[in-house]
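Q: Here is my input; please provide its structure:
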Amino acid sequence: MSKRYLTIIGILFIVTIITFLLSKNAPSHQKSLYAKQLPVFIHGWIGKDIEVDDKTLKILETDDVLIREYKKEETPPVQLCIVYASNNRKVAHPQEICYKGGGWSLEEKKPVVLSTRADVFPEFKAIKLILEKGNQRQLVLYWYKCNKEYTSNYYKQQINIVKSGIITGKSTSGLIRISTPIINKDEDVAMKRTQIFTLNILPLITKHLP
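A: A predicted model of the protein is given here:
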């Protein structure tokens, strides 16, 4: 039997499993809303929740959605967005798709590695976006979560969801996005601000999102 034939069989097998699992997906109605348990006060940052409309919640098929803007003294704001659910892969998707749908133009997309200085995960990977809309520019970092594992790779996260579903019969999945405006075309300052906030919030996400 040729290697090519075995590869095709393997792909068909994976597709069959994914199709079967996804056909069982239903909107997530978990009892706890984990994302909203994240603290409003984080290392001098003060957060204020932004209301999420029912239409958005229906599209995402989960009620566990948090959009919160954090401010710190005279520093430009940082927005935290978390979409989280049990047994629902639809909560996670590449964020440039959403921004393009909202009229933003994508200037840059690339993976970045952040040093966390933590023993559990000393290096942390995310996707960095630079976006433009009229005279506005924005820097975004986002990544995915499946159970306790983080990844910046959309396909890896989807595979993790399927694998967890097969092994344990359940999975949790999430999208985490952090964004901030770019002021005076200074991307480095915006990146530093976003990176500092990310490293502050990451242990709390690990603590509050199972």
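Q: From here on, just use CA atoms for contacts and neighbour counts.
A: Will do.
Q: List the contacts of whatever helix or strand Leu129 lives in.
A: Taking DSSP states H and E as the definition, Leu129 sits inside strand 123-133. Applying CA atoms under 8 Å, 6 or more residues apart in numbering, the contact partners of strand 123-133 are 96, 103-117, 137-143, 151-152.
Q: What residues of whichever helix or strand comes after it count as buried?
A: Using DSSP H and E, the helix or strand that follows strand 123-133 in sequence is strand 136-146. Buried residues in strand 136-146, counting neighbours by 16 or more other CA atoms under 10 Å, are found at 137-146.
Q: pLDDT on strand 136-146, on average?
A: The average pLDDT within strand 136-146 is 94.
Q: Over to stretch 154-173?
A: On average, stretch 154-173 scores 81.
Q: Kindly state the beta-bridge partners for the closest residue to Phe41 other than its chain neighbours.
A: Closest residue in space to Phe41, ignoring its immediate chain neighbours: Gly47 at 6.3 Å, by CA to CA, 6 or more residues apart in numbering. Counting by DSSP bridges, Gly47 forms beta bridges with Tyr70.
Q: what's near enough to touch Gly47?
A: Gly47 touches 40-41, 68-71, counting by CA under 8 Å, 6+ apart.
Q: quick one: low-confidence ranges for the chain?
A: Along the chain, segments meeting pLDDT under 70 span 1-32, 87-91, 117-122.
Q: Do a quick rundown of the helices in it.
A: Here the chain has its helices, by DSSP state H, at 3-23, 54-60, 95-101, 154-168, 187-208.
Q: which secondary structure elements does the last one contact?
A: Spelled out, that is helix 187-208. For helix 187-208, the elements it packs on are strand 136-146, strand 172-181, judged by 3 or more CA pairs under 8 Å, 6 or more residues apart in numbering; DSSP states H and E.
Q: make it 10 Å
A: strand 41-42, strand 75-86, strand 105-115, strand 123-133, strand 136-146, strand 172-181 (3 or more CA pairs under 10 Å, 6 or more residues apart in numbering; DSSP states H and E).
Q: sorry, back to before: adding distance to Ser173, write the buried residues of strand 136-146 out as CSV.
A: Converted to CSV, those look like this (distance: CA to CA, whole Å):
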residue, distance to Ser173
Arg137, 29
Gln138, 26
Leu139, 24
Val140, 20
Leu141, 17
Tyr142, 14
Trp143, 11
Tyr144, 8
Lys145, 5
Cys146, 4
